[in-house]
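>>> just coords:
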């Protein structure tokens, strides 16, 4: 490749320096909280189907009906949760949408229309939909990010939105864009800057950036964008979603502002955006209206017959950045997939005109003198800005326009003149490129091309990489359809992907490829998540085998395994009767049986025949015996090659010999895969000190195994295809399931945040009732489990650990306390213990203050008087409590919770705030304004004694007759720590005789407190059922941390919180 000009190389150097500076300025941003509501995980088409079918969702083992109102409320809640961080939604019509959703539910409940009629006439009935600020929606803002239009509202729906509303969709949110839609970062002076959900220091793209951001954060099920230079596809790429720009003039541009000039209208496309590829085709069909007939979207497509063409970059354009390695890797994985899937081999292209994408787009975007110019659009067509004056004002912070909008107005006055020979030359070049694409793609081809050369840059970085948008813009001037497809994350956790370009009106091919990539996403993703063998192999099995097997599975007797069905099918194909398979063996068995008379098969090692069982071992292939090396890794490698590589499977028949060679390759693939899987999933780990080296070896070995499977799949041997299918399906030995760690959950009613994390990677079973698991049930179900998810109500002792057996590696409790776990016994057995110490700090501190106020101000007594008729008249001394103001408050234990309680006490203006603690807390005391003292001093001086210390053998019965004697007679005791800290018999005597004023307990011993406890007879003792952490956010976070602790323990990495 020729050396680039000096100025271009200088520009690259400057851009790299700027990137380093921006990385320093912005640092690593935040990311949105994971989705917890299962409704938000559904595609728009799935939601529509479940709404009209009145389908039920299962949440925490309870079935709930799915209504339009429930769906809408779920997405409204998500917007409220994420928008303060992302700033993607700029206007909403939530109340109007709620009314429309209720009308939808009433219509469905009325039974006026059948399910089939609703699906045909209103396929998106009851589904919320969002769109960008430049597309008109009746009654909503329509500013296009321009200050001169900040109060402008839509009078009617844009063309695409009108069609979607007619199909039953409910507009509910409007999203942010770039100023006047002419830049690829969504930032303006009306609504501000939008931030990426994956990393808030990164851009969301533009101009449909806010829309893509909202969709990626699960704030909307489906949206509408517009695209004149990549404004759908770039944001879709940066935010990891799907987006489709249709063929020219397919969807009406009506309602778009600014409206392009007639010469530019063929370049503008209005299209659907979603997290799910399956939503794009039905949405496009609706939005296209009468033009949908041009696309033949309902025509069946065999993806294997589509011709694949691809190009990994623009061949070194001077104005664009080099393509990131992660994006090229994503492209290569897709090409490799279609190399197997397609009937024709993918062809790599070198379209030279793509190198001139920037100048071609800019030249073809020129408009005549009588057209509305950008400098006029910035003032809502009421005058023109002077870009030179605005640039000067911008430099001193006085301009009403963004820097890039000013520069766009400035460049509009320069460059190629409309109607000039240069302008006509660029139009001709564009026309030639259209012909080139038409000749290449025909009616059955697609072109794979990067959506953008880099992942989402930092805010303001696009100014220095201004022309990178050319990768998408070139498709606009060709008028062709293109679909942005996400393909995972790069090493920094940012989305990567490609665009799929089709010929004019061949949108269905782009969408079919997008759906194919979505269906194979676990195999095609760039990031190195451990892909199970089942996911890998299911992507590789031949379609002819799968179809026939499916047919046979539907008719075959239930007592036969899938392996037997597969072998029966194989025998039919080869006209060979195969022996029945034992249920306990692998799918790969004797090839030699009845192939031909006098055919022999044997194993030869070092020139000597070996027993037949060396070909077909009865044991599982994953059984290895450590041999001579200290390194587990080296032992596994030695066992792998010594067991299989030196053994040559020989036959006296040439056809059978070919089968034997493939069979040996299969064995090696299985063994190699197991080395990777066994050592990574079971937390053994590799034996190198360098984590990078460990990761490299694992990837290298996994890649070689994958290649072995690919070679098997490419072979013509149907028997081996069946073996591979059975191995993936694991119907005989349930190989895939055996490789998943098994986790037992003692309470099914914990928040789904944790359950879903575990279910993604483990085999989860649980006690079925929303009550503590009975002891015998726990002992029976813990057998053979790898991890235990428990709570405070579960006693985990040596008996439980004995029943669990040697597989148990992790015990994680969803609590800050851990006295219910035999720590010493777990440590002796090498079992790791996780807990949740930090997430409930605020909730417990809030409950402590609430209990303190309820106790000292006698709130429960007063409420009871109201209900029992005791409130007959006013009395000066009736129901009087004790004020915190000017009192002395003492806190026993000054850890996280104690300090948070102290912070919340300060606003009540106590005279003194004191605390006792085992260790010095001088810095914390100074910061909060508290004084440290001895325990005895605290008891003697305090009007309020609050217990927040840990439960240990030393603190058991800390509050007893002796310590109670030291307290003031008007003292109030509050305990939100552990019930074992208080001798409840002594406390009863002191409360009954009024030797202390009152007590408030959130914890007791035992729990629950027996109904015959004398404490329950007292009016000056408030008892709560241990609800210190009982707020929804806290319980969700506790569940998540417990699950993360389990997964970390199983993988042998650091837990969030470990004892």
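In hand now; what should we look at? A quick note: this is a predicted structure, and the numbers were derived from the prediction, not measured.
>>> Residue 169 against residue 129, yeah?
Yes: taking contacts as C-beta atoms under 8 Å, residue 169 lies within contact range of residue 129: 4.2 Å. For the C-beta atoms, the positions are set from N, CA and C on the backbone; glycine is no exception.
>>> anything in contact with each of the two?
Listed as contacting both residue 169 and residue 129 by C-beta atoms under 8 Å, 6 or more residues apart in numbering are residue 222.
>>> Poorly predicted segments of the stretch 651-800 of the chain, please.
When residues are selected by pLDDT under 70, those of the stretch 651-800 of the chain lie in 651-739.
>>> Quick check: can you list the domain ranges of the protein?
12-365+422-524, 374-415, 533-738, 740-838+1034-1051, 841-867+880-1028 (automatic domain parsing).
>>> want to throw the ones you listed into TSV with distance to residue 6?
Converted to TSV, the domains of the chain look like this (distance: least, C-beta to C-beta, whole Å):
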stretch	distance to residue 6
domain 12-365+422-524	10
domain 374-415	23
domain 533-738	37
domain 740-838+1034-1051	50
domain 841-867+880-1028	57
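>>> Any chance of a markdown table for the ones you listed, columns mean neighbour count?
Formatted as a markdown table, the domains of the chain follow (neighbours: other C-beta atoms under 10 Å):
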| stretch | mean neighbour count |
| --- | --- |
| domain 12-365+422-524 | 21 |
| domain 374-415 | 17 |
| domain 533-738 | 16 |
| domain 740-838+1034-1051 | 20 |
| domain 841-867+880-1028 | 18 |
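>>> For residue 873, find the nearest of those domains.
Closest approach to residue 873 among these is made by domain 841-867+880-1028 (11.7 Å; C-beta to C-beta).
>>> quick one: average pLDDT of the closest one?
If you average the pLDDT over domain 841-867+880-1028, you get 93.
>>> And that domain, end to end?
Domain 841-867+880-1028 has its terminal residues 9 Å apart, counting by C-alpha to C-alpha, to the nearest Å.
>>> Stretch 213-226 now?
15 Å.
>>> quick one: average confidence on it?
Mean per-residue pLDDT for stretch 213-226: 97.
>>> and that stretch, how far out from the chain's middle?
Centroid separation for stretch 213-226 versus its chain: 15 Å, with C-alpha atoms, centre = their mean, to the nearest Å.
>>> Now the terminal residues of stretch 293-308, how far apart.
So stretch 293-308: terminal residues 25 Å apart, C-alpha to C-alpha.
>>> Repeat that for stretch 991-1006.
19 Å.
>>> Mind jotting down where the strands sit in the stretch 751-900 of the chain?
For the stretch 751-900 of the chain, the strands defined by DSSP state E, counting those that start in this stretch occupy 763-766, 787-790, 810-813, 832-834, 888-892.
>>> so which of these comes closest to residue 850?
Across the strands of the stretch 751-900 of the chain, residue 850 has its closest neighbour in strand 888-892 (15.1 Å, C-beta to C-beta).
>>> what's next to the closest one, contact-wise?
Outside strand 888-892, the residues within contact range by C-beta under 8 Å, 6+ apart are 898, 901-902, 905, 910-916, 930, 933, 935, 938-939, 941-949, 958.
>>> In strands only, show me those residues.
Taking DSSP state E as the definition of strands, the contacts of strand 888-892 contribute 912-916, 944-947.
>>> Tell me the one among those residues nearest to residue 372.
Scanning the ones in strands among the contacts of strand 888-892 for proximity to residue 372, where the rule is C-beta to C-beta, the winner is residue 913, at 67.4 Å.
>>> residue contacts, the closest one?
888-889, 891, 902, 905-906, 928-931.
>>> repeat that with 7 Å
Going by C-beta atoms under 7 Å, 6 or more residues apart in numbering, residue 913 touches 889, 902, 905-906, 929-930.
>>> Columns distance to residue 392 on top of the strands of the stretch 751-900 of the chain, output as TSV?
Formatted as TSV, the strands of the stretch 751-900 of the chain follow (distance: least, C-beta to C-beta, whole Å):
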stretch	distance to residue 392
strand 763-766	64
strand 787-790	64
strand 810-813	62
strand 832-834	60
strand 888-892	60
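>>> Which one of those lies nearest to residue 970?
strand 888-892 (11.0 Å).
>>> Each with direction, which strands does that closest one pair with?
Next to strand 888-892 in the sheet, as set by DSSP bridges, lie strand 912-916 (parallel), strand 944-947 (parallel).
>>> Columns distance to residue 877 on top of the ones you listed, output as CSV?
Shown next, in CSV, are the strands paired with strand 888-892 (distance: least, C-beta to C-beta, whole Å):
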stretch, distance to residue 877
strand 912-916, 27
strand 944-947, 21
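>>> Of all these, which one comes closest to residue 509?
The nearest among the strands paired with strand 888-892, by C-beta to C-beta, is strand 944-947 at 68.9 Å.
>>> Pull the distance from the closest one to the chain's centre.
43 Å.
>>> I'd like the numbering to begin with 18 instead of 1 from here.
I'll keep to 18 as the first residue from here, and by that count the last item is strand 961-964.
>>> Just list the residues touching residue 187, thanks.
89, 114, 117-118, 143-146.
>>> how about the contacts of residue 930, which pair is most distant?
Longest span within the contacts of residue 930, C-beta to C-beta: 906 and 946, 11.6 Å.
>>> Go ahead and confirm residue 1065 touches residue 1059.
No: with contacts counted by C-beta atoms under 7 Å, residue 1065 stays clear of residue 1059, the gap being 10.8 Å.
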